[in-house]
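1. I'll drop the sequence and a predicted model, then ask my questions.
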Amino acid sequence: MPSARGLDVLPVDVLQTLATDYLPRASDRAALSALSANIRAILAPTVFRAIRISNRPEDADAIAAVTAAYGQHAHYLSLDCFLFENPPPEIGDRPADHIDYVAPLTFQPAEISQLSETAAALLRGDTLPQVRSFRIRFVPKDDFDGTRWVDDEYGQGGSIYISICEEDYISAAAAEAKFQWRSVLSAVWRALSVNHRVTRLDVRELPPNISTAWRGEAWLAFVSRLEHLSLHVWGSQSGNGFGSNTTPGYSSFVGSQLRAAFFDLARNLRSLEFIVSADSPDPSASRLSATNMPQLRDLALHNFFINRKLVGFVRAHRHLVRIRLVDCLAFSERPRMSWAHFFASLADSDLPPRLAELSVETTRRVPLVPNEQFFSGPVFIPSPDEPHAVRRVRARLEADPKFRLFPYTYLDSPYGIVFADENVNLRRAKAGNDIAAYWRLVETVKRNAAAGVGAEKINLSAS
């Protein structure tokens, strides 16, 4: 690292260019700014464009000091919202016939779900006048493992059972009154809903539980102002193998409640990223309404099942120019929509939308034989004894850079686990219909991009 004396004599614009062009990481720019007070003052607008806070009261003083000194430079606020299960009851409050409570002395007093007033004020927009973008990441302790997160008839109290019941706003209000983490969720949303500057919202690990804050004029106005929205819904598997998608509350949440709380109200939304858990993909998530988000231009979906509802949604949005599908799936069992049918449904240039960018990404292996599906190592080595048809497909994959596989799966109904259908994968690969329809769609997209469809610069990805 150069000395402060040598850098202090540089012109302001040279020092700023050095920081922005050659130090892309904020941590490196922060280290450079620590060399002297003069350098810190010059680089503050590039170092403090993003401020990260937490909901914990013990962090409040440090957050207040940073935002008071450098908040005028911030354009982006990131909140890590730590959630904890309810503390165990005091000894005198224990039912006489219960012996499975954790001793109170083992509970850490700091492990209480809270929202500090400092964090709430920042969410409300009381300060930080230039912040338009918010990122909220919910961080449940031990991934909701425990017994005091929720009431449920099975006595589990955590894990996937946080969504064991389908909720309405009456039951949600009762849960918020009883469970501190649910109260904090509501407080976060309520504070954010009165912020009139927010146009971009990125939510990570969103618990599949509705909030009483998702009602009323303030919430309606908040969502209607959003232009960019990313929602990543939490999901998991229990210790005995059941997924979140086997619980009524989860399916209702991703299938209808998010739509009512966000998508039905987002009349000015231009960009949507919707991510459901890879552990718990749910067909209900594809029930996007054709009347939702009329200004939508960019759509990214992760771990979705393709179906006619999804095609109808895309077709209804004439402004849509970009689609990104990540680890999306087709059902191998009827009723199903093949990948060929899905691609062909989007390739008709006489119907909206006129796509100018397409990305269909598969980060997981598309297996052709059973042992390939359950292989956990980095590189699968095919057996020389594989059937001739399988070896032919593998040879084409190696020889033809334009050839690829699209996944066909089925959903195990008792456990909610997605299993690949190797037979259908092989049959569709041999037939070639899917890959042919894909490249026809890619050619249509390229022609649209060449014709200038889409206001922004096009960066076509057809990987």
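-> Received the coordinates, thanks.

2. three-state assignment of the residue most central in space within the chain?
-> Geometric centre of the chain, nearest residue: residue 232, 2.3 Å, by CA atoms, centre = their mean. State at residue 232, reduced to three classes by DSSP: H, G, I helix; E, B strand; the rest coil: strand.

3. Would you check how far apart it and residue 283 are?
-> Per CB to CB, to the nearest Å, residue 232 is found 18 Å from residue 283. C-beta coordinates here come from the backbone N, C-alpha and C atoms, glycine included.

4. again with residue 234
-> Using CB to CB, residue 234 is found at 18 Å from residue 283.

5. how about the helices in the stretch 51-200 of the chain?
-> With DSSP state H, counting those that start in this stretch, the ranges of helices along the stretch 51-200 of the chain come out as 60-70, 117-124, 169-178, 180-193.

6. Show me how far the last one is from its chain's centre.
-> It refers to helix 180-193. Averaging C-alpha positions (CA atoms, centre = their mean, to the nearest Å) puts helix 180-193 19 Å from its chain's average.

7. and residue 134, bridged to which residues?
-> Note on residue 134: beta-bridge partners residue 77, residue 201, judged by DSSP bridges.

8. picking that back up, more neighbours: which of residue 234 and residue 283?
-> Of the pair residue 234 and residue 283, residue 234 is the one with more neighbours under other CB atoms under 10 Å, namely 23 against 17.

9. So that one is in contact with residue 203, correct?
-> No. Taking CB atoms under 8 Å as the definition, residue 234 is not a contact partner of residue 203, at 10.1 Å.

10. Which residues are in contact with each of the two?
-> Common neighbours of residue 234 and residue 203, counting by CB atoms under 8 Å, 6 or more residues apart in numbering, are residue 138.

11. Compute the number of surrounding residues for residue 116.
-> 19.

12. So residue 301, which state does it fall into?
-> Secondary structure, three-state DSSP: residue 301 is strand.

13. one step back: which of the helices of the stretch 51-200 of the chain sits most buried?
-> Comparing those by mean neighbour count (mean count of other CB atoms under 10 Å), helix 180-193 comes out on top with a mean of 22.

14. Show me what it is in contact with.
-> Outside of helix 180-193, the residues within contact range by CB under 8 Å, 6+ apart are 55, 79, 81, 83-86, 112-115, 120-121, 123-124, 134, 136, 138, 140, 149, 172, 175-177, 198, 201, 207, 209, 211-214, 218-219, 221-222.

15. how about a cut-off of 7 Å?
-> 55, 81, 83-86, 112-115, 120, 123-124, 134, 136, 149, 175-176, 198, 207, 209, 211-214, 218-219, 222 (CB atoms under 7 Å, 6 or more residues apart in numbering).

16. Make sure residue 329 is actually in contact with residue 409.
-> Yes. Here residue 329 lies in contact with residue 409, judged by CB atoms under 7 Å, at a distance of 4.8 Å.

17. Do I have it right that residue 83 meets residue 138?
-> Yes. If you go by CB under 7 Å, residue 83 and residue 138 touch, sitting 6.1 Å apart.
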